[in-house]
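In: Below: sequence and its predicted model.
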Amino acid sequence: MKQSRLQTIVRNSACYALVAPTFALLAVFCLVPFVWAFAASFYRYEIGGEATWIGIANYQEYLSDPTLLPSFYNMFILTFIGVVITIVFPLGTAKLIFSLSSEKARYIYRILFLIPIVVPGVAVMMIWGGMIYSDSGLVNETLRLIGQEDLTRGWLSNPDTVLYAVSCIGFPFASGVNILIYYAGLASIPDSVHEAAQLDGATGFRKFMLIDVPLVLSQIKLMVILTIIGGVQGFQGMFILTRGGPGFRSMVPGLWMYFNAFSFQRMGYACAIGVFLFVIILALTIVNLKYFKSSEDLQAAK
């Protein structure tokens with residue numbers, strides 16, 4: 001008995017030793033910066049300068065910041081559009097690929113949709129900004145070609161169109177990774193479910209909505225969480241294309257945090273914005289996990 005217990009302890013210790021380096025790296029590069037940022041949010045200091053304790057003054061200042069409401073409105077619009085796009089287009093594309101009769105064709109299409117991910121996101125943004133949305137870009141030249149020159153404009157410099165122009169980047173929104181996630185969910189549906197649906201007369205779009213979508217809710221839930229997190233903390237597109245302009249019409253909290261940290265040298269204030277965003281992401285994730293039921297949750301409830 002003692003020898004068996006000793007062997008168990010040794011085996012468990014070996015497992016812990018294998019994962020210890022991963023946890024150490026996570027602690028150094030993820031947990032420590034988070035704790036440091038939370039502590040720094042209570043100080044006023046510049047990078048390399050002396051820190052001064054000011055308590056919750058940074059948080060109070062941010063709540064009265066003139067960029068607060070515009071940036072959160074922009075973030076909400078972009079995140080909402082991003083969630084809708086992430087659910088509709090990749091899922092529809094995955095269903096079309098899954099419906100192909102040839103396994104070889106399905107494999108080829110999955111590969112083809114994965115190829116664009118090798119292009120860096122920064123390059124994609126610059127292509128859209130310089131070749132599609134510029135004055136002589138694809139959109140304006142197409143409008144001139146069809147005789148609708150009155151509709152041409154600076155899509156990224158016009159306050160009325162900048163948010164929607166940024167939202168359309170990536171069209172037709174068939175991201176390879178998202179498609180694979182949904183495809184895996186569709187492939188995990190048992191054949192017996194499809195056969196029963198055919199016997200009940202559920203085919204085409206009706207079958208997709210009543211059978212397929214409920215059974216891939218776990219994948220949809222994952223994609224919604226990831227999209228919300230990316231929408232709340234993301235700012236790369238705005239930084240590359242608009243710098244928050246014109247005015248504050250495309251400003252988002254993440255970009256304002258970046259400007260305060262590295263342009264205005266207000267690291268303590270930027271950390272307060274970061275903590276504020278963390279709380280929002282945590283709250284939205286909890287709401288999503290609690291109220292957005294996955295397919296496993298629905299089956300357990302039955």
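Out: Now that the structure is in, tell me what you want to look at.

In: Counting residues, which helix of the protein comes out longest?
Out: helix 68-98 (DSSP state H).

In: Return the set of buried residues in it.
Out: Buried residues in helix 68-98, counted by 16 or more other C-beta atoms under 10 Å: 68, 70-71, 74-75, 77-79, 81-83, 85-87, 89-95, 97-98. C-beta: built from backbone N, CA, C; applies to glycine.

In: Over to stretch 44-64?
Out: Those would be 44-45, 54, 57-58, 62, for stretch 44-64 by 16+ other C-beta under 10 Å.

In: and it, what's its mean pLDDT?
Out: For stretch 44-64, mean pLDDT rounds to 87.

In: CA atoms of it as PDB?
Out: Extracted C-alpha coordinates of stretch 44-64, given in PDB (Å, rounded to 0.1, in the frame of the first residue of the first chain):
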ATOM      1  CA  ARG A  44       0.700  59.000 -11.500                       C
ATOM      2  CA  TYR A  45       4.000  58.600 -13.300                       C
ATOM      3  CA  GLU A  46       5.800  58.700 -16.600                       C
ATOM      4  CA  ILE A  47       7.900  55.900 -18.000                       C
ATOM      5  CA  GLY A  48      11.300  56.100 -16.300                       C
ATOM      6  CA  GLY A  49      10.000  58.800 -13.900                       C
ATOM      7  CA  GLU A  50       9.100  58.700 -10.200                       C
ATOM      8  CA  ALA A  51       5.700  57.300  -9.300                       C
ATOM      9  CA  THR A  52       3.300  59.300  -7.100                       C
ATOM     10  CA  TRP A  53       0.400  57.600  -5.200                       C
ATOM     11  CA  ILE A  54      -2.900  59.200  -6.200                       C
ATOM     12  CA  GLY A  55      -5.400  56.500  -5.200                       C
ATOM     13  CA  ILE A  56      -8.400  56.200  -7.500                       C
ATOM     14  CA  ALA A  57      -7.900  59.600  -9.100                       C
ATOM     15  CA  ASN A  58      -7.000  57.900 -12.500                       C
ATOM     16  CA  TYR A  59     -10.300  56.100 -12.500                       C
ATOM     17  CA  GLN A  60     -12.200  59.200 -11.500                       C
ATOM     18  CA  GLU A  61     -10.500  61.100 -14.300                       C
ATOM     19  CA  TYR A  62     -11.400  58.500 -16.900                       C
ATOM     20  CA  LEU A  63     -15.100  58.500 -15.900                       C
ATOM     21  CA  SER A  64     -15.100  62.200 -16.800                       C
END
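
In: Need the residues that contact it.
Out: With contact meaning C-beta atoms under 8 Å, 6 or more residues apart in numbering, stretch 44-64 is reached by 40-43, 68, 265-269, 271-273, 275-276.

In: same check, this time on stretch 124-144
Out: Under C-beta under 8 Å, 6+ apart, the answer for stretch 124-144 is 149, 151-156, 165, 169-170, 236-237, 240-241.
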